[in-house]
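S.K.: Sharing a model prediction with you, sequence too.
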Amino acid sequence: MFHLASKRRLWFAISLIVIVPGLISLLLFGLRLGIDFTGGTLWEVRFDQPTASGQIAAILEENGVESATIQQTGEAADNTWLIRMPELVEGSAEKDTIEAAFVEDIGSFTELEFSSVG
């Protein structure tokens, strides 16, 4: 039978090896708060044709959305993008303008998810 308690110094050392780098990282880089804590909009769209994040960012910037984070989700062939940005109200004129700009500059798309927290 193993006597785990007799190896307590080893277990403390292993714990410190894990905890200390985590604390240092937390102090240096801080926490990156998600949309649930900072508020904003999460918008997932799938374009019918290939597009680049730069095209999406340019359209958003032209329409007054400066601090958007754009990530491709799934496989590249899916053309699915996740856009995190400041709060955008469902059915607002601003959202309609952005949708029209997407269709005009990139082409048709399908809205997979739209949620706002604020």
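M.R.: Here it is on my side, so go on.
S.K.: measure E104 to K95 for me?
M.R.: From E104 across to K95, the span is 15 Å (Cβ to Cβ, to the nearest Å). To be clear about C-beta, it is placed using only N, CA and C from the backbone, and glycine gets the same treatment.
S.K.: neighbour count winner among those two?
M.R.: Each of E104 and K95 has its neighbours counted (other Cβ atoms under 10 Å); K95 has more, 18 against 9.
S.K.: F2 belongs to a helix?
M.R.: No - going by DSSP: H, G, I helix; E, B strand; the rest coil, the assignment for F2 is coil, not a helix.
S.K.: Show residues contacting stretch 38-57.
M.R.: Stretch 38-57 has contacts (Cβ atoms under 8 Å, 6 or more residues apart in numbering) with 35, 68, 70-73, 76, 78-88, 102, 105-118.
S.K.: can you rerun that using 7 Å?
M.R.: Defining contact as Cβ atoms under 7 Å, 6 or more residues apart in numbering, one finds that stretch 38-57 is touched by 35, 68, 70, 72-73, 78-88, 105-118.
S.K.: Would you state the helices of this protein in chain order?
M.R.: Here the chain has its helices, by DSSP state H, at 8-29, 35-38, 53-62, 93-105.
S.K.: Pass me the low-pLDDT residue ranges in the chain, would you?
M.R.: In the predicted model, the chain carries pLDDT under 70 at residues 1, 35-36.
S.K.: Just give me the residue closest to the centre of it.
M.R.: When Cα atoms, centre = their mean is applied to the chain, the residue found nearest the centroid is R84 (5.6 Å).
S.K.: Leaving out sequence neighbours, find the closest residue to it.
M.R.: T69 (4.3 Å; Cβ to Cβ, 6 or more residues apart in numbering).
S.K.: Many thanks, have a good one.
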